[in-house]
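K.L.:
Next one to model:
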Amino acid sequence: MATRIDKEACREAYNQVRDDNSDTNWAAFKYEGSMIIPAGQGSDYEDFKRMCTDDSRLFGFVRITTGDAMSKRAKFTLITWIGENISGLQRAKISTDKAIVKEIVQNFAKEFMLSDLRELDEDYIRMELKKAGGANYDAQAE
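P.N.:
Numbering: from 1, shown residues only. Model prediction:
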């Protein structure tokens, strides 16, 4: 059966994260049968990380504040999480299903496909987003 997505609910969660007036910094999307639905959202990145278990596969849209001494800005990332205990067939399927998620989650600076909890470290994600962000004025801070 082809994977479908709850476009309305997922778009609402995505827009919550993108809203500068919202405290929501992440939204997760999981599989429920052959449907991708919102799995949760929140302001604490650690709550998102707790959803990424060895038995789960999900997509996360995350807002991280980056910048340097001259400017701070929100950067967004799409994280595809594939737990260590996910079968080969489900691993393969998530790659094609990502296209469905990207119909909703369209604006992000960097994309990650992860299966190791160490790679979910917030500082690592922030550093990678900062690299993707271009100019860095930290050296000129004084």
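
K.L.:
Could you use CA atoms for every contact and neighbour count after this?
P.N.:
Fine.

K.L.:
Where does pLDDT dip in this protein?
P.N.:
Low-confidence segments of the chain (pLDDT under 70): 67-68, 133-142.

K.L.:
again, 90 this time
P.N.:
1, 65-74, 95, 127-142 (pLDDT under 90).

K.L.:
quick one: the helices in it?
P.N.:
Taking DSSP state H, the helices of the chain run over residues 7-18, 45-51, 88-102, 122-132.

K.L.:
packing partners for the third one?
P.N.:
So the one you mean is helix 88-102. Secondary-structure packing of helix 88-102 (3 or more Cα pairs under 8 Å, 6 or more residues apart in numbering; DSSP states H and E): strand 4-5.

K.L.:
still on that earlier bit, now, of the helices of the chain, which is deepest in the fold?
P.N.:
Mean neighbour count, computed with mean count of other Cα atoms under 10 Å, is highest for helix 7-18 among the helices of the chain, reaching a mean of 18.

K.L.:
Can you name the residues in contact with it?
P.N.:
For helix 7-18, the external contacting residues (Cα atoms under 8 Å, 6 or more residues apart in numbering) are 22-27, 29, 37-38, 41, 61-63, 104-105.

K.L.:
taking those one by one, which sit in strands?
P.N.:
Those of these mapping onto strands are Trp26, Ala27, Phe29, Ile37, Pro38, Gln41, Phe61, Val62, Arg63, per DSSP state E.

K.L.:
Narrow these to those that are buried.
P.N.:
Trp26, Ala27, Phe29, Ile37, Pro38, Gln41, Phe61, Val62, Arg63 (16 or more other Cα atoms under 10 Å).
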